[in-house]
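Engineer: Predicted model, plus sequence, below.
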Amino acid sequence: MRHTKGKSQSGFTLLEIMLVVLVAGIIGAIAVPRITNAMRSHRLTIATRQVIDTMKRAKMTAVSQNRTSAIGVDINGRRMGVVMFNADGTVNSVEYIPLPEGVSFQRPPGVTANPAGVTGANVVSFKQSGGFYRQDFNSRGFPTVAFGATVSIFLGNGRDYNAVTMTSVGGVQAFRLSGGEWTSTQAPRSSESSDGNTNANIRNTNGNSNTRAGNGH
């Protein structure tokens, strides 16, 4: 009688399944915190960009409407926006936009260092008005602060911290806290046009001076 060899049954043993689960758990334990931290850092970057964009929008509104504009910051509500005024100059409303989840207006605990040009220890250096912090811009788009002064907004997620500063001539700069020191993460852009015009005027003045000097010889 001829015996036929039966087909072998394929499958996983309990040990193999346990090994797969163990490896997956190890990978997850390593990857999940990194992904979470990356997401938190990304939201902080978005919030920083949001602050800069709001500043630019307020400046453009002031210039385009040839009237005072302003930024409003609600620290407790974790939101900021452009202030809308009535015809008589009183505040009508604030077009608030909330910060991304997990990000709030806060300074790093235990850090006394400030970004370049910033003095004091306020989370938002704007003046408080009507229940929120407010920074006005004149009709030329410049913040209404003393010449040479720098205003600032600090952001954090409990782990990482950023700051946005603006000079009296409208120059905006972003900073990130690294090793207890604030390092610049973005070149000033808000005052490029005004700075560029200033540099052009300087060049023209120098050029005219040189021309006059040449004619004198």
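Structural biologist: It's in. Residues are numbered from 1 along each chain as shown.
Engineer: Please count neighbours and contacts with C-alpha atoms only from this point.
Structural biologist: OK.
Engineer: pLDDT weak spots in the protein?
Structural biologist: Scanning the chain for pLDDT under 70 picks out the ranges 1-11, 28, 31-32, 186-217.
Engineer: just the helices in it please.
Structural biologist: Ranges of helices within the chain are 14-65, 192-216, based on DSSP state H.
Engineer: can you pull the contacts of the most centrally placed residue in the chain?
Structural biologist: By CA atoms, centre = their mean, the mean C-alpha position of the chain lies nearest to Thr48, the distance being 1.5 Å. Shown in contact with Thr48 (CA atoms under 8 Å, 6 or more residues apart in numbering): 155, 162-164, 174.
Engineer: Tell me the one among those nearest to Ile71.
Structural biologist: Ile71 lies nearest to Val164 out of these, by CA to CA, at 13.5 Å.
Engineer: what's the neighbour count on the residue nearest to the closest one when sequence neighbours are not counted?
Structural biologist: Spatial nearest neighbour of Val164, excluding adjacent residues (CA to CA, 6 or more residues apart in numbering): Ala174 at 4.5 Å. By other CA atoms under 10 Å, 24 other residues sit near Ala174.
Engineer: Please name the bridge partners of Ala174.
Structural biologist: Val164, Gln186 (DSSP bridges).
Engineer: thinking Glu95 is in contact with Gly81, fair?
Structural biologist: Yes: assessed by CA atoms under 8 Å, Glu95 is found in contact with Gly81 at 5.0 Å.
Engineer: Have a look at those two and say which one is more surrounded.
Structural biologist: Neighbours per residue, other CA under 10 Å: of Glu95 and Gly81, the larger number sits with Gly81, 24 against 13.
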